[in-house]
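Visitor: Sequence first, then the predicted structure:
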Number of protein chains: 2
Amino acid sequence: MGKKEMMCDCCAVHEDCLEHVKKEIVSDVDLARVGDLYKVFGDSTRLHILAALNCHEMCVCDLAVLMNMTKSAVSHQLKVLRENKLVRFSKEGKHSYYSLADDHVRDILNIALEHINE
Amino acid sequence: MGKKEMMCDCCAVHEDCLEHVKKEIVSDVDLARVGDLYKVFGDSTRLHILAALNCHEMCVCDLAVLMNMTKSAVSHQLKVLRENKLVRFSKEGKHSYYSLADDHVRDILNIALEHINE
DNA sequence: ATTATAGTTGAATATATGTTCAACTGTCAA
DNA sequence: TTGACAGTTGAACATATATTCAACTATAAT
């Protein structure tokens, strides 16, 4: 008796280890935020956009031509990038010019490139 | 005449910019590999596993208890992590002990934590 | 040998998500 | 004011993927 309810289909094997990890591990909230951030980076269209903006600020049409996609598809992904504050944009007349939000974005691109080229 | 075929629904607005970016941008191949890598990090279950292994090596049962999930679900995600070489494992008797593959994994976790806590 | 437990796996299901389509807004030029 | 183009948006559709389920292997203990 006294055994905790569990939704998994087994029992802990190394309880001491488990307690240690429970104390040390990054909080659920932070983990969820990290997950949301990397979900954004985990799509090839959005990565393509970010890599392009890493070279130069661009408008939606130019991005669409570069990537052989419709403006709509690009715009939808730009919205995701905006909502996650990975890009900035400024309107000038008919155009919206997009650029990377900050150096963290560049860092996140670069660290992955390092990793895959090891 | 002479105009290139295009699958987008518009024309390039800044051709000079476009040419510049086409030369400077990270290759499609590398971009795809980066995307695949971050796709793995973009799932909360896998992140949870990685964060736990960042504290201590663990077996599947302990991970399942920690995360309140079935062994099966954990094992499926460990397979993804293995295939992407983000974790190592060693068998000892009945148990499989998993740990982080290398410091890059730690770096990728940490850089995201920095970003969200700015 | 038999039983129990750790772990893996393939198929099915359920859900999340990227692209398309059509309609719309806002700006510039004629 | 009208037409053309840049850009956005919501809904529908198509695809990708995480979890469940059931069956299976392998090891250790009785």
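Guide: Noted; the coordinates are in hand.

Visitor: Poorly predicted segments of chain A, please.
Guide: Within chain A, the ranges that satisfy pLDDT under 70 run A:1-7.

Visitor: Walking through chain A, point out its helices one by one.
Guide: Counting by DSSP state H, the segments of chain A that form helices are A:15-24, A:28-41, A:44-53, A:60-67, A:71-83, A:103-116.

Visitor: got a markdown table for the ones you listed, with distance to residue A:90 and mean neighbour count too?
Guide: For the C-beta atoms, the positions are set from N, CA and C on the backbone; glycine is no exception. Formatted as a markdown table, the helices of chain A follow (distance: least, Cβ to Cβ, whole Å; neighbours: other Cβ atoms under 10 Å in any protein chain shown):
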| stretch | distance to residue A:90 | mean neighbour count |
| --- | --- | --- |
| helix A:15-24 | 43 | 13 |
| helix A:28-41 | 21 | 18 |
| helix A:44-53 | 13 | 22 |
| helix A:60-67 | 13 | 23 |
| helix A:71-83 | 12 | 16 |
| helix A:103-116 | 17 | 17 |
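
Visitor: so which residue of chain A comes closest to DNA strand C?
Guide: In chain A, the residue that lies nearest DNA strand C is residue A:93 (3.1 Å; Cβ to the nearest atom of the strand).

Visitor: Near DNA strand C, which residues of chain A are found?
Guide: Counting by Cβ under 7 Å from any atom of the strand, the residues of chain A close to DNA strand C are A:10-11, A:13, A:39, A:43-45, A:69-70, A:72-73, A:76-77, A:80, A:93-94.

Visitor: biggest separation within those residues, which pair?
Guide: Greatest spatial distance among the residues of chain A next to DNA strand C (Cβ to Cβ): A:11 and A:93, at 65.7 Å.

Visitor: So these two - more neighbours on which side?
Guide: The neighbour count for residue A:11 versus residue A:93, taken as other Cβ atoms under 10 Å in any protein chain shown, is higher for residue A:11 (12 against 5).

Visitor: Who are the contact partners of the more buried one?
Guide: Contacts for residue A:11 (Cβ atoms under 8 Å, 6 or more residues apart in numbering or on different chains) come out as B:61, B:65.

Visitor: Then residue A:58?
Guide: Contacts of residue A:58 (Cβ under 8 Å, 6+ apart): A:52, A:66, A:97-99, B:14, B:17-18, B:21.

Visitor: Now with 7 Å, please.
Guide: A:52, A:98, B:17, B:21 (Cβ atoms under 7 Å, 6 or more residues apart in numbering or on different chains).

Visitor: and residue A:115, how far is that from residue A:98?
Guide: Noted for residue A:115: a distance of 26 Å to residue A:98, by Cβ to Cβ, to the nearest Å.

Visitor: for residue A:104, same thing?
Guide: From residue A:104 to residue A:98 the distance is 17 Å (Cβ to Cβ).

Visitor: what's the answer for residue A:46, then?
Guide: From residue A:46 to residue A:98 the distance is 12 Å (Cβ to Cβ).

Visitor: Hmm, residue A:81 is touching residue A:46, no?
Guide: Yes: at 6.1 Å, residue A:81 counts as touching residue A:46 under the criterion of Cβ atoms under 7 Å.

Visitor: residues bridging contact with those two, i.e. touching both?
Guide: Joint contacts of residue A:81 and residue A:46 (Cβ under 7 Å, 6+ apart) are residue A:40.

Visitor: Got phi/psi on residue A:26?
Guide: Backbone geometry at residue A:26, expressed as degrees, to the nearest 10, gives phi -60, psi 140.

Visitor: give the contact list for it.
Guide: Residue A:26 touches B:51, B:113, counting by Cβ under 7 Å, 6+ apart.

Visitor: hang on, the earlier thing: nearest to residue A:60 among the contacts of residue A:58?
Guide: residue A:98 (7.5 Å).
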